[in-house]
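J.: no sequence for this one, just the structure:
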């Protein structure tokens, strides 16, 4: 462990620490952020009312809309001359969300990333290849500063240019790599095409995040790269990557940094808390952020939590891997489906490559979907390079059957030849919505 004192606190110690830090945060936002003062006053809430962790339920939620409405600096709790860095979302669906960091915020973030790399199997002296994108996205710089904090030789290669990534892996001999799981798969496939075997590289662990991914995807990454693959979680509104991470020993839930974040899980419809172990929407309150503290931020991510001690020895709250986002959930003929559920099914079917896209379409008055998959080289060769042959037809039928059994929905499936679907250079594009453009009609 990088910080055993904080990663092995007792439940009672965590509660005492969190309550003190929560009260300090509430005082700060009430005094320094007009938005929160207005929200509190509107609901007749005063900071002194927060006397226990359970009292957090009295506080209003913060949403992404709130962040956009306060664009660019309306939620900052420090003056701009105390800010040393700004990050922002892409703003593809509206105004970007802008987040800020003081010098101390950067130090805390770096320490949490150092904890995360150690949990994944990293150590001081590692060469660490960082293939997350650098820029306004928090992934690249977050992992970079944390790797340096740990004492790694960080390779700031950023995303894309897969051949260059592989050259760096072969020449610089990193023990660890960090990127999105879909891009990690792209790297692994390209290495295989180049005739490289997993034993030909020095990689031992991979830190993958920024998009939901399945256990089946983990298996693919571990086998193709010869590594331990762990999931990292974070979002810029809370801090960036490093809010939680899996440990390599158990790979069974992501350890949340309880000393810096208070987590809740709520029913996204009723907004009431759910029982421990039950899935719901993750809600985070920051406990130590100076420049950009947030109260009860609704992440939109669906997961569950447990406070059982992990076999690695950490006592921190663990969250399950994110099942999906509330805004990524698709409804097909009245059935709710997450792309990660479809991925889990597809990666269990022999003959399919681990790439897919879901095209949302109109089916009369109802929404429907077309699932585009591709076969691997071996299956395509066995099928005589013919997408109309009986082997392909039987494969389509099996895909439909397995999805119907697992997801309770019938999805029209289009089987494509190998390497025909786009490969990720960062975050994978899994859903393409045709419903508001020229709609494709299902046959």
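T.: Arrived safely, thanks for sending. All values reported here derive from a predicted model rather than from experimental measurement. Numbering: from 1, shown residues only.

J.: quick one: contacts for residue 391?
T.: 379, 382, 383 (C-beta atoms under 8 Å, 6 or more residues apart in numbering). In short, each C-beta sits where N, CA and C put it, glycine included.

J.: just the ones of those in helices?
T.: 379, 382 (DSSP state H).

J.: contacts for stretch 198-210 next, please.
T.: Residues outside stretch 198-210 that contact it (C-beta under 8 Å, 6+ apart) are 116-117, 120-122, 132, 139, 143, 169-170, 173-181, 184, 191, 221, 223-234, 241, 245, 248, 426-427.

J.: now do the SS call for the closest residue to residue 235 other than its chain neighbours.
T.: What sits nearest to residue 235 in space, not counting adjacent residues and going by C-beta to C-beta, 6 or more residues apart in numbering, is residue 299, at 6.1 Å. Following DSSP: H, G, I helix; E, B strand; the rest coil, we place residue 299 in the strand state.

J.: could you list the residues in contact with the helix or strand of the chain with the lowest mean pLDDT?
T.: In the chain, no helix or strand scores lower on mean pLDDT, DSSP states H and E than strand 330-332, which sits at a mean of 77. The set of residues external to strand 330-332 that reach it, using C-beta under 8 Å, 6+ apart, is 336, 337, 338, 339, 358, 360, 367, 368, 369, 409, 411, 431.

J.: can you point out the buried residues in the helix or strand just after that strand?
T.: Where DSSP states H and E defines the elements, the next helix or strand beyond strand 330-332 is strand 335-337. For strand 335-337, the neighbour count (16 or more other C-beta atoms under 10 Å) marks residue 337 as buried.

J.: parallel or antiparallel, which strands does strand 335-337 pair with?
T.: strand 330-332 (antiparallel) (DSSP bridges).

J.: list the buried residues of the partner strand.
T.: Within strand 330-332, judged by 16+ other C-beta under 10 Å, the buried ones are 330, 332.

J.: just how off-centre is that strand within its chain?
T.: In terms of C-alpha atoms, centre = their mean, to the nearest Å, the centre of strand 330-332 is found 21 Å from the chain centre.

J.: repeat that for stretch 210-222.
T.: That offset, for stretch 210-222, works out to 11 Å (C-alpha atoms, centre = their mean).

J.: just the mean pLDDT for that stretch, thanks.
T.: For stretch 210-222, the mean per-residue pLDDT is 92.

J.: can you pull the buried residues of that stretch?
T.: 210, 211, 212, 213, 214, 216, 217, 218, 220, 221, 222.

J.: redo the residues you listed as CSV? Include distance to residue 14 and secondary structure.
T.: Below are these laid out as CSV (distance: C-beta to C-beta, whole Å; DSSP: H, G, I helix; E, B strand; the rest coil):
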residue, distance to residue 14, secondary structure
210, 27, coil
211, 29, coil
212, 27, coil
213, 29, coil
214, 30, coil
216, 34, helix
217, 32, helix
218, 29, helix
220, 36, helix
221, 32, helix
222, 32, helix
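
J.: could you dump those into CSV and include distance to residue 81?
T.: As requested, the buried residues of stretch 210-222 are exported to CSV (distance: C-beta to C-beta, whole Å):
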residue, distance to residue 81
210, 31
211, 36
212, 39
213, 41
214, 45
216, 49
217, 44
218, 45
220, 48
221, 44
222, 47
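
J.: list just the nearest of those to residue 265.
T.: Nearest to residue 265, judged by C-beta to C-beta, of the buried residues of stretch 210-222 is residue 212 at 16.4 Å.

J.: break this protein into its domains for me.
T.: 1-325, 330-433 (automatic domain parsing).

J.: which of the ones you listed comes out lowest on mean pLDDT?
T.: domain 330-433 (a mean of 87).

J.: any idea how far it is from the chain center?
T.: For domain 330-433 - counting by C-alpha atoms, centre = their mean - the centre lies 22 Å from the chain centre.

J.: which residues in the stretch 251-400 of the chain form helices?
T.: 339-346, 377-382, 390-407 (DSSP state H, counting those that start in this stretch).

J.: following element in sequence after the longest one, please.
T.: Put plainly, it is helix 390-407. strand 412-416.

J.: now for the following helix or strand past that next one, which elements pack on it?
T.: Scanning forward in sequence from strand 412-416 by DSSP H and E, the next helix or strand is strand 431-433. Counting contacts by 3 or more C-beta pairs under 8 Å, 6 or more residues apart in numbering; DSSP states H and E, strand 431-433 packs against strand 352-363.
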